[in-house]
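Asks: what follows is a predicted structure for the sequence shown.
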Amino acid sequence: MAVSESEESRKRGVVAVVEPAGHKLPLSMAGPGAMGKTGYWRTQRPVVNTEKCTGCYLCWLYCPDNVIEMVPGKGPRGQDIPVIDYDYCKGCGVCAAVCPVKAIDMVDESKFLAKEKEEGDGNA
Amino acid sequence: MGMPKLLAMRGNEAVAYAAKYARVEVVAAYPITPQTIIVEKIDELISKGEMDAEMIHVESEHSALAATYGAAIGGVRAFTATSSHGLMYMYEVLWWTAGSRIPVVMAVVTRAMGPPWNIHVSHEDILATRDTGWLVSMAENNQEAFDLTLQMFRITEDPRVYLPGIVGLDGFILSHTVEPVELPDQETVDEFLPPRRQPYVMEPGEPKAMGNLVPDEYFEELRMDMQQSMENAVKVIREVGKEYAKYFGRDYSDLVECYKCSDADYIVAGTGSWMGDAKIAADKLREKGYRVGVMRLRWIRPFPWSDVREAAMSKRAVIVMDRSLSTGHAGPLFLELSSALEAKPSMIGVPAGIGGVDISYEDIERFTEKAIQLVEEHGRVYIPAMWYHLGKIFPTYPSSHVKLD
Ligand code: SF4
Ligand code: SF4
């Protein structure tokens, strides 16, 4: 018997036709932002003291949200330094805890909020 | 083209054949009475070379559904079956499957939940799935168990739906009872059931995560999408049911089956195999001069809201047979039907037959007549739980204040 077209499309190893059809789906791709802007969770903000930083990459390695980028050669002594994306940094303090030279301070977020508000008012 | 053939088989075997005709590629299961024959039969079909599928033997029902779901999310048609405690053990994975929007078909052979140990029919297992986002249907006979299973693949894989689906059949009454079942030929099934579609496929080499933490607002929007898909499913069920008649001669375009409803004053409502006995009871009551009809819910989810309202809203009374009880309130079907009908007709809930206690058409005739008499005596009544047990009426909470005897 000839193999019909429908049998052909039902061959072993042939997977389903993908057709998302506009549904909301519980899917995400690797990268920051799967959970939205987690920066708003933050109550403490990590602030890098670039004078102290040795550019060892430990904070970059440990950040659970993958929001630290190391910028090559931009430190005051030409060392690589961490730059934190505050849109997604949730303020967990892991970076501050692992820094071997205590170059990261956790600062109360309300200080920044007050300052931003002031600047905002000034601009208005 | 081949011809359909009529064979004698148990309900469980009918379901197994439906999985074969649907070209299911992966089955994962764990044995539990009264479901076991389904997966035994599938195993037999695989070992005889009649079915080209992988059977995964797992150590629990939680794993059975997880493995079935894993295969389905990987892009193949997958199937499992369970009952009672097995279904409860799967409960978490039911939510994972529905929430992920991956079509999967499962048979639930209804059985009581222990303790004490009981392997006979009750609906507390299947009705506990109402809130999970699965489509839920209930067969009245073995042919319908076959037909619903086959249709369930097409309905759940429809892009407007993309939700998993359960086909329910009553333990022993259908699962172990031999009835004539017409099996179609494969070519016709292939025409009726297109190759599988799904919203995404998990494949190696394309990293993505399903089920990660999301903002609460997005979570809620996903649930809204599921509710919309349930509404779409009503339409899809009707379409597929009509198509089914074209291919196989049996029409499933109605979500509820109405028997002599149009001229009836009184409607006996419920789901599952005992609704066949209810039809005999209705005929007997008609001989006594009561105009009785039967409304059988073929679908529980999506709830056939408009169908039910159309059939029963204007009736004098609706008597709801419930083979399970939300202990502390009333039978689940009573509550759902009271809500859909805005309790406009008199409503009498009759928990009965729980744990497989035999209910004959004479029993149905007896409690229905009792309910009709109450309505005739008092005018409008609303009795959530008028328990029927061994020929007697036991008014129970919350309707024990209604004087019944
Ligand atoms: S506080 Fe936490 S999230 Fe923010 S940069 Fe440090 S390690 Fe990353
Ligand atoms: S761990 Fe400390 S020293 Fe190392 S790169 Fe980060 S801030 Fe600099």
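Replies: Nice, I can see it. Numbering: from 1, shown residues only, chains lettered A, B, ... in the order given. Ligands and ions are numbered 1, 2, ... in the order given.
Asks: wouldn't B:Lys5 be in contact with B:Glu182 here?
Replies: Yes. With contacts counted by Cβ atoms under 8 Å, B:Lys5 reaches B:Glu182, the gap being 7.2 Å. Every residue, glycine included, has its C-beta placed from N, CA and C.
Asks: neighbour-wise, which of these two wins?
Replies: B:Glu182 (15 against 10; other Cβ atoms under 10 Å in any protein chain shown).
Asks: tell me the bridge partners for that one.
Replies: B:Leu6 (DSSP bridges).
Asks: quick one: residues contacting it.
Replies: B:Glu182 makes contact with B:Pro4, B:Lys5, B:Leu6, B:Leu7, B:Gln143, B:Phe248 under the criterion Cβ atoms under 8 Å, 6 or more residues apart in numbering or on different chains.
Asks: rerun at 10 Å
Replies: B:Pro4, B:Lys5, B:Leu6, B:Leu7, B:Ala14, B:Gln143, B:Phe146, B:Asp147, B:Phe248, B:Gly249, B:Arg250 (Cβ atoms under 10 Å, 6 or more residues apart in numbering or on different chains).
Asks: which one among the residues you listed gets closest to chain A?
Replies: Distance to chain A across those (Cβ to the nearest Cβ) is lowest for B:Phe248, with 16.9 Å.
Asks: grab the nearest non-local neighbour of the closest one.
Replies: Nearest residue to B:Phe248, sequence neighbours excluded (Cβ to Cβ, 6 or more residues apart in numbering or on different chains): B:Pro184, at 5.6 Å.
Asks: and if you look at B:Val201?
Replies: In space, B:Val201 is closest to B:Gly75, 4.0 Å off (Cβ to Cβ, 6+ apart).
Asks: Provide the secondary structure category for that neighbour.
Replies: Look at B:Gly75: counting by DSSP: H, G, I helix; E, B strand; the rest coil, its state is coil.
Asks: now do the contacts for B:His329.
Replies: So B:His329 contacts B:Leu335, B:Gly349, B:Pro384, B:Ala385, B:Tyr397, B:Pro398 (Cβ under 10 Å, 6+ apart).
Asks: from B:Arg238, how far out is the residue in chain A positioned nearest to chain B?
Replies: Closest approach of chain A to chain B (Cβ to the nearest Cβ) occurs at A:Val15, with a separation of 2.8 Å. The gap separating A:Val15 from B:Arg238 is 29 Å, by Cβ to Cβ, to the nearest Å.
Asks: please apply the same query to B:Ile348.
Replies: Relative to B:Arg238, and taking Cβ to Cβ, B:Ile348 is found at 30 Å.
Asks: neighbour-wise, which of those two wins?
Replies: Taking other Cβ under 10 Å, B:Ile348 and B:Arg238 do not tie; B:Ile348 has more neighbours (28 against 15).
Asks: what sits against the nearest residue to A:Lys52 once chain neighbours are set aside?
Replies: Leaving aside its sequence neighbours, A:Lys52 sits nearest to A:Ala103 (Cβ to Cβ, 6+ apart; 3.8 Å). Contacts were defined as Cβ under 10 Å, 6+ apart; by that measure A:Ala103 touches A:47-56, A:59, A:81-82, A:95-96.
Asks: please, where are all the strands along chain A?
Replies: A:17-18, A:27-28, A:44-48, A:68-71, A:81-84, A:104-108 (DSSP state E).
Asks: need the contact partners of the second one.
Replies: Strand A:27-28 is touched from outside by A:20, A:34-35, B:100-101, B:199-200, B:202, B:208-214, with contacts defined as Cβ under 10 Å, 6+ apart.
Asks: output the below-cut-off pLDDT ranges for chain A.
Replies: Flagging of chain A using pLDDT under 70 yields the residue ranges A:1-13, A:120-124.
Asks: output the longest helix belonging to it.
Replies: Criterion DSSP state H: the longest helix present in chain A is helix A:109-123.
Asks: residue in the stretch 201-350 of chain B with the shortest distance to ligand 1?
Replies: Taking Cβ to the nearest ligand atom, ligand 1 has its nearest neighbour within the stretch 201-350 of chain B at B:Leu213, 14.3 Å off.
Asks: does that residue touch A:Asp65 like I think?
Replies: No. Between B:Leu213 and A:Asp65 no contact is recorded; they are 11.6 Å apart, counting by Cβ atoms under 10 Å.
Asks: of those two, who's got more company?
Replies: Neighbour count, other Cβ under 10 Å: between B:Leu213 and A:Asp65, A:Asp65 has more, with 19 against 12.
Asks: give the contact list for that one.
Replies: A:32-35, A:38-39, A:84-85, A:88-92, A:94.
Asks: kindly recompute the last result at 7 Å.
Replies: A:Pro32, A:Thr38, A:Tyr88, A:Cys89, A:Lys90 (Cβ atoms under 7 Å, 6 or more residues apart in numbering or on different chains).
Asks: make JSON lines out of those and add distance to B:Glu25.
Replies: JSON lines is the format used below for the contacts of A:Asp65 (distance: Cβ to Cβ, whole Å):
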{"residue": "A:Pro32", "distance to B:Glu25": "37"}
{"residue": "A:Thr38", "distance to B:Glu25": "40"}
{"residue": "A:Tyr88", "distance to B:Glu25": "41"}
{"residue": "A:Cys89", "distance to B:Glu25": "45"}
{"residue": "A:Lys90", "distance to B:Glu25": "42"}
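Asks: pick out whichever of those sits closest to B:Glu124.
Replies: The closest of the contacts of A:Asp65 to B:Glu124 turns out to be A:Thr38 (Cβ to Cβ; 41.9 Å).
Asks: what's the spacing between the closest one and B:Gly241?
Replies: Distance of A:Thr38 to B:Gly241, given as Cβ to Cβ: 47 Å.
Asks: pull the longest helix of chain A out as CSV, backbone CA atoms only.
Replies: Included here for helix A:109-123 are C-alpha records, laid out as CSV according to Å, rounded to 0.1, in the frame of the first residue of the first chain:
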residue,chain,number,x,y,z
GLU,A,109,16.8,52.6,48.5
SER,A,110,14.6,55.3,50.0
LYS,A,111,17.6,57.7,49.9
PHE,A,112,17.7,57.3,46.1
LEU,A,113,13.9,57.6,45.8
ALA,A,114,13.9,60.8,47.8
LYS,A,115,16.7,62.2,45.6
GLU,A,116,15.0,61.1,42.4
LYS,A,117,11.8,62.8,43.6
GLU,A,118,13.7,66.0,44.4
GLU,A,119,15.3,66.0,40.9
GLY,A,120,12.0,65.2,39.4
ASP,A,121,10.4,68.2,41.2
GLY,A,122,13.3,70.4,40.2
ASN,A,123,12.8,69.5,36.5
